[in-house]
Every structure is written in C-alpha cells, then in structure tokens.
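[1] Predicted model follows, preceded by the sequence.
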Amino acid sequence: MPLEEKYDKLLDEYLEGAIINYAVLKELGAIDKGIESSVKVQAKMLPSLVGIAFKMLKTVAPGKAFNQLVDNYVYTMQSTLSLSDFELSRVSDREATVRVKNCPILKRVRTLVEKSGLEIEPKSICELETRINQGVAKEFGVNMTTKLEDNGCVHTAKLK
C-alpha cells in the first residue's frame, strides 16, 4: 500500500475515533469530563513533547520560550495539515495567531459524520479539540482563544 494511502486511512480511523468519542461523551453528558481527562493526560505528556526546560526558560526568557511553544504547536499541526493549509503570524514575542483556511480535516469530518449517520454537528469535533488545546495551553501560562469560521479557524495564543 502506498504511503499516502496509509496516511489517509490512518487519518480517517483517527477522525472516526474522535467522532465516536464525541458522540458517546455527548450522549452520556460527559463532554466536560472527557475534556478534563484529555487535558490531564496531554499535560502529563508535555514535558516529553516540548522539553522539561520550558518553565525555567519561561522565567529567564519568556518571549523565547513562548516562540518555542508556538513552533512546537505548528510542528504538531503538520501531522494532520499541510503547511499550505495554515498561516502563522507572530504579533509579538508574546502573541501569535494561526489561521487554518479551507481546513481539510473539517471537510473530512463532515464526510465521515455524514457517512456515520450520527446526529452531531461536524464543527463540534473542532470545538472539543479547541477546548482541550486551551486547557493544555494554560499548563504553560498561555491564554488561547479560537474563533471557528465556516471552513477553518483562527487560534490566538498570548503569554500571560
């Protein structure tokens, strides 16, 4: 199987899991608990993802630490999006914005939700992921906001 086909299949399986997870959490009325658990797990994984020295670097050189965090976030986004799908704007050494335009993930989620027959709004998957990202960003002293658009979103991160 060609590598691109494997990637597409794995991405669809990952998104199907996210859709099913959201549908079950919604049905159980446990979306907040799911977000809390996701943030807790991802926060424990962060030292291995962005380096243990982040908190120390943040006190000595907050702008540099913030830029490293933003770079890591953008790098991680490339696991599901190509560079042409988003743009990074550094407002200052303490604020950055990432705009995702014509989001291929949202398009795929729309298709998968339609195929699944589940009664959920595709953007609810984006909202769930956004709330998780906001919780994880707080672990680094970063306020993150997200504005969902018709075919994408805008993430704004500000160092506290």
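    Done, it's in.
[2] what residue ranges in this structure score low on pLDDT?
    46-59 (pLDDT under 70).
[3] As a check, name the ranges of all strands in it.
    Ranges of strands in the chain, per DSSP state E, are 86-92, 95-100, 142-149, 152-159.
[4] Please tell me how far the nearest residue to residue 91 once chain neighbours are set aside sits from residue 128.
    Here the nearest residue to residue 91 in space, its sequence neighbours aside, is residue 97; by Cβ to Cβ, 6 or more residues apart in numbering that works out to 6.3 Å. Where you see a C-beta, it was placed from the backbone N, CA and C, and this is true even at glycine. Separation of residue 97 from residue 128 (Cβ to Cβ, to the nearest Å): 21 Å.
[5] Equivalent analysis for residue 150, please.
    18 Å.
[6] picking that back up, for residue 64, find the nearest of the strands of the chain.
    The closest of these to residue 64 is strand 152-159. By Cβ to Cβ, the value is 10.8 Å.
[7] Which residue lies closest in space to residue 33, excluding its sequence neighbours?
    Nearest one to residue 33, counting by Cβ to Cβ, 6+ apart, is residue 25 at 7.6 Å.
[8] Check residue 104 too.
    residue 85 (6.1 Å).
[9] how about the one you found, what does it touch?
    By Cβ atoms under 8 Å, 6 or more residues apart in numbering, the contact set of residue 85 is 100, 101, 102, 103, 104.
[10] related to what we said a few turns ago, pick out whichever of residue 150 and residue 128 has more residues nearby.
    More neighbours surround residue 128 than the other of residue 150 and residue 128, with 19 against 9 (other Cβ atoms under 10 Å).
[11] contacting residues around that one?
    18, 22, 31, 34, 35.
[12] how much space between it and residue 149?
    In terms of Cβ to Cβ, residue 128 sits 17 Å off from residue 149.
[13] do the same with residue 103
    9 Å.
[14] Equivalent analysis for residue 15, please.
    On the measure of Cβ to Cβ, residue 15 and residue 149 end up 19 Å apart.
[15] Could you do residue 21 as well?
    Residue 21 is 24 Å from residue 149, by Cβ to Cβ.
[16] any chance you could map the helices in the chain?
    3-28, 31-50, 54-60, 62-77, 104-116, 123-138 (DSSP state H).
[17] May I see those arranged in JSON lines, with distance to residue 144 as well?
    As requested, the helices of the chain are exported to JSON lines (distance: least, Cβ to Cβ, whole Å):
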{"stretch": "helix 3-28", "distance to residue 144": "19"}
{"stretch": "helix 31-50", "distance to residue 144": "12"}
{"stretch": "helix 54-60", "distance to residue 144": "16"}
{"stretch": "helix 62-77", "distance to residue 144": "9"}
{"stretch": "helix 104-116", "distance to residue 144": "18"}
{"stretch": "helix 123-138", "distance to residue 144": "4"}
